[in-house]
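Colleague: Kindly return the folded structure for what I paste below:
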Amino acid sequence: MTKRNLPPLRALTAFEAAARLGSFRRAADELGLTRSAISHQIKALEGVLGVDLFSRDGKRAELSGPGLIYFPAVREAFDQIESQTQVIRPRASGNELTVQVYVTVAMKWLLPRLHDFERRHPNMRVRLSTSYFHWDYDADNADVAIILARKRNDDHYYRNLFRSHLKPVCSPDYLARTGAISTPQDLLRHKLLFVYSAEEDWRLWLKAAGLGETKLSSTLAFDSYLLAQEAAIAGQGIAMTIGPYARDELASGRLVLPIDLDVPHRHWWAFACRGTDRLLPKVKAFEDWLMEQVAADDDIPAAAREAIDA
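Modeller: Residues are numbered from 1 along each chain as shown. Below is the predicted model:
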């Protein structure tokens, strides 16, 4: 059987949403990305195909000639996948819980604790649905979610867990090689690594440090905090960590704080579920357990976990 010659799925997803909605911004909102991330994915797809899929001389995302030819086939393929997924997906049972969680949160915070939930609820089957891009709760595919609540749907229930805190991190070898950093201003001569669906992190931190806009790395951008942290450990530059997710690396000395300035993020990490499911036993059990874990986490400041039901 010959190998399929398909474009990257993420790029196709961005293209399909932008073409269907007629807007890069609306596509970004639907997929939980920034507009620049959508543009990045579509440019990558255009590079693979060797054609421009959109004309960029207006405010709307107008399809070009090749885009008009390509879109119906892509849309039909996505429609077929969505339709058949609903056909074969079994209905979740009362002892099966699907948790949507951002990949960095899963690896650096949830997984080390999950054995405790399994011990308390031995008959519960937990399925993790990890995401690199989706910040918003995907109610069609998960019972509950741990999300960075940038937007809130009136049909869903949210409970704040803790507010994220931003800190720049790098490896000690990187500092030894490039020289000490004494002030936030010194950072501007370094390569600043970033997650391309969360470019606002550096802007928030730099503003709090009394600095204006600055150029982020033009050669390295990542689709998760996990990868950005690993690049920082490898000495590729200075990354921005969010929340308590670099705790082990900082404790072991694999990462250090070039500037010890802790800046609260504008958004909260939150528990989310459908409003109609809030009191289901499996949902309530996970919410209660999650709140216990946050309260017991010494690396989350008390002021950052003054949770407010929303």
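
Colleague: which one's the longest helix in this protein?
Modeller: In the chain, with assignment by DSSP state H, the single longest helix is helix 65-88.

Colleague: which ones are touching D155?
Modeller: 139, 274-275 (CB atoms under 8 Å, 6 or more residues apart in numbering). Using the backbone N, CA and C atoms, a C-beta is placed for each residue, glycine as well.

Colleague: helices and strands around the longest helix of the chain, which ones?
Modeller: Secondary-structure packing of helix 65-88 (3 or more CB pairs under 8 Å, 6 or more residues apart in numbering; DSSP states H and E): helix 9-21.

Colleague: So what's the gap between the helix it packs on and the chain middle?
Modeller: Its chain's C-alpha centre and that of helix 9-21 lie 18 Å apart, by CA atoms, centre = their mean, to the nearest Å.

Colleague: That one packs against which elements?
Modeller: With contacts defined as 3+ CB pairs under 8 Å, 6+ apart, the packing partners of helix 9-21 are helix 24-31, helix 35-49, helix 65-88.

Colleague: okay, the angle between it and helix 65-88?
Modeller: 100 degrees (axes from the mean of the first three to the mean of the last three CA atoms, to 10 degrees).

Colleague: Now do helix 9-21 against helix 24-31, angle only.
Modeller: Using the same axes, to 10 degrees, the inter-axis angle of helix 9-21 relative to helix 24-31 is 120 degrees.

Colleague: Give the buried residues for helix 9-21.
Modeller: Neighbour-count burial for helix 9-21, counted by 16 or more other CB atoms under 10 Å, picks out 10-21.

Colleague: Dump those to TSV, plus distance to H265 and pLDDT.
Modeller: Output for the buried residues of helix 9-21, formatted as TSV (distance: CB to CB, whole Å; pLDDT from 0 to 100):
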residue	distance to H265	pLDDT
R10	24	91
A11	28	92
L12	31	93
T13	26	93
A14	25	93
F15	30	94
E16	30	93
A17	26	92
A18	27	91
A19	32	91
R20	31	90
L21	27	88
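
Colleague: Among those, which one lies nearest to P172?
Modeller: Distance ranking of the buried residues of helix 9-21 against P172, using CB to CB, places R10 first at 33.9 Å.

Colleague: Please name whichever of the helices and strands packed on helix 9-21 is nearest to L110.
Modeller: Once those are compared by CB to CB, helix 24-31 is nearest, at 22.6 Å.

Colleague: residues in contact with that closest one?
Modeller: 13-14, 17-18, 20-21, 33-35, 37-39, 42, 61, 133-134, 151.

Colleague: State the pLDDT value of the spatially closest residue to A17 that is not a sequence neighbour.
Modeller: Using CB to CB, 6 or more residues apart in numbering and skipping residues adjacent in sequence, the residue nearest A17 is A27, 3.8 Å away. Among the per-residue scores, A27 holds a pLDDT of 88.

Colleague: now P90
Modeller: At P90, the pLDDT value in this model is 58.

Colleague: Parallel or antiparallel, list what pairs with the helix or strand that the longest helix of the chain is followed by.
Modeller: Sequence order places strand 96-102 as the next helix or strand after helix 65-88, per DSSP states H and E. If you go by DSSP bridges, strand 96-102 pairs up with strand 125-131 (parallel), strand 144-148 (parallel).

Colleague: In JSON lines, list the ones you listed along with mean neighbour count and distance to E96.
Modeller: JSON lines is the format used below for the strands paired with strand 96-102 (neighbours: other CB atoms under 10 Å; distance: least, CB to CB, whole Å):
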{"stretch": "strand 125-131", "mean neighbour count": "16", "distance to E96": "5"}
{"stretch": "strand 144-148", "mean neighbour count": "24", "distance to E96": "12"}
